[in-house]
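Colleague: give me the fold of what follows.
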Amino acid sequence: MYQPIEFQSEGATLRGRLYLPENDAGKLPVVVMAHGYSATIEGMVADRFAEVFRDAGFAVILYDHRNLGISDGEPRLEINRWTQARGFRDAIDYGVSLPELDSARIGLWGDSMSGDVALFVAAMDQRVKTVVVQVPALGRELPPPDPDGSLFQQLKTTFYEGDISVPETTIGPMPVVSFDQQTIPSLLKPLTAYRWFMEYGARHNTGWVNHATYVVPMVPVKFSSVICVPHLKAAVLMQVAYDDEMPGANPEVARYAYQQTPEPKELQEIEGGHFGLLFYPSELFDQVSRAQAGFFIQHLK
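Modeller: Numbering: from 1, shown residues only. Predicted structure coming up:
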């Protein structure tokens with residue numbers, strides 16, 4: 001039901017899948033997807049979302065971020081929001097090169113940290129017409145105000161031209177999750193993160209490794225989709241968990257970002273904390289994935 005794909009990004013080969021609906025006629029709208037944080041596309045539920053969108057009539061490009069899963073890139077297991085943002089841009093470039101896809105109907109999907117990155121890229125790249133993000137990790141606190149748009153312009157310059165290779169802050173290498181923070185500290189600390197990653201990431205052939213390094217490069221303005229969202233031209237669906245337990249996915253920051261987002265937009269408050277919608281099969285997965293597919297149909301198809 002899908003074919004393997006690969007494309008270039010920042011000097012590395014990124015790999016993933018192209019899903020095509022069975023009864024495709026004419027050029028297809030496309031949803032570009034990447035998983036959150038260190039998760040991979042094989043068996044960690046992003047593939048289940050991709051199947052929902054395919055069945056709704058969309059082409060889907062689902063790929064592993066640079067340095068993770070089946071994608072190339074060094075250092076292995078290094079996570080950098082800027083690198084992931086450029087990966088989304090290059091996935092869009094790849095998609096518009098395919099004759100069966102409609103370059104005028106491009107959507108982005110993101111979960112947790114990739115939700116933050118998807119919003120950022122959509123504000124930078126006006127080819128994106130629709131963005132769906134679930135439990136987006138938009139930060140612990142609000143970024144500085146940007147009344148004249150100068151911070152946004154600096155972010156845009158860094159995204160397209162800046163050097164993102166020099167680390168300002170490096171956390172790790174260390175486990176992504178751990179059941180005992182005192183003995184084995186990890187990047188993601190809530191026990192719910194440990195339970196989900198170990199249940200899904202530890203499955204056969206996922207390529208997920210419980211080890212990573214998180215890098216914040218030295219740039220003029222720190223990565224922030226919240227600064228960017230007032231400049232969005234795309235329709236936005238934001239699904240925010242009432243009781244999100246991940247510090248970097250502060251629901252108050254997400255709601256503030258939603259308020260700053262231009263219409264058309266929709267906010268859905270959901271149950272289940274940060275990871276509830278990533279358990280498949282489940283009633284919550286069905287609920288949120290139906291809403292996402294419906295939003296893509298309304299604004300992209």
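Colleague: can you report how many residues lie near the closest residue to residue 282 other than its chain neighbours?
Modeller: Leaving out its chain neighbours, the residue that sits closest to residue 282 by Cβ to Cβ, 6 or more residues apart in numbering is residue 276, at 7.6 Å. Every C-beta, even on glycine, is put in place using the N, C-alpha and C of the backbone. Residues near residue 276, counting by other Cβ atoms under 10 Å, number 20.
Colleague: what comes into contact with stretch 176-191?
Modeller: Stretch 176-191 has contacts (Cβ atoms under 8 Å, 6 or more residues apart in numbering) with 37-38, 171-172, 174-175, 193-194, 197-198, 209-212, 214, 245-247, 274.
Colleague: only the buried members of these: can you turn that into a PyMOL selection?
Modeller: Entered in PyMOL, the line below selects the buried ones among these, by 16 or more other Cβ atoms under 10 Å:
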select buried, resi 37+38+172+175+193+194+197+198+210+212+214+246+274
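Colleague: next step: the contacts of stretch 176-191 restricted to strands.
Modeller: 171, 172, 174, 212, 214 (DSSP state E).
Colleague: let me know the closest of those residues to residue 124.
Modeller: Of all the ones in strands among the contacts of stretch 176-191, residue 124 sits closest to residue 214, with 21.9 Å by Cβ to Cβ.
Colleague: so what pLDDT did that closest one get?
Modeller: pLDDT, the model's per-residue confidence, is 98 for residue 214.
Colleague: ok, longest helix in the protein?
Modeller: Ranked by residue count and defined by DSSP state H, the top helix of the chain is helix 283-300.
Colleague: and it, what does it pack against?
Modeller: On a contact count with 3 or more Cβ pairs under 8 Å, 6 or more residues apart in numbering; DSSP states H and E, helix 283-300 meets strand 28-34, helix 46-55, strand 101-111, strand 128-134, strand 235-241, strand 265-270.
Colleague: tell me which of those sits nearest to residue 8.
Modeller: Of these, nearest to residue 8 by Cβ to Cβ is strand 28-34, at 15.4 Å.
Colleague: partners of the closest one in the sheet?
Modeller: strand 59-63 (parallel), strand 101-111 (parallel) (DSSP bridges).
Colleague: can you list contacts of that strand?
Modeller: Strand 28-34 is contacted by residues 20-21, 41, 46, 49-50, 53, 57-65, 84, 87-88, 91-92, 95, 100-102, 105-110, 114, 117, 132, 296, 300-301 when judged by Cβ under 8 Å, 6+ apart.
Colleague: any idea how far it is from the chain center?
Modeller: Distance of strand 28-34 from the chain centroid (Cα atoms, centre = their mean, to the nearest Å) equals 12 Å.
Colleague: no further questions, thank you.
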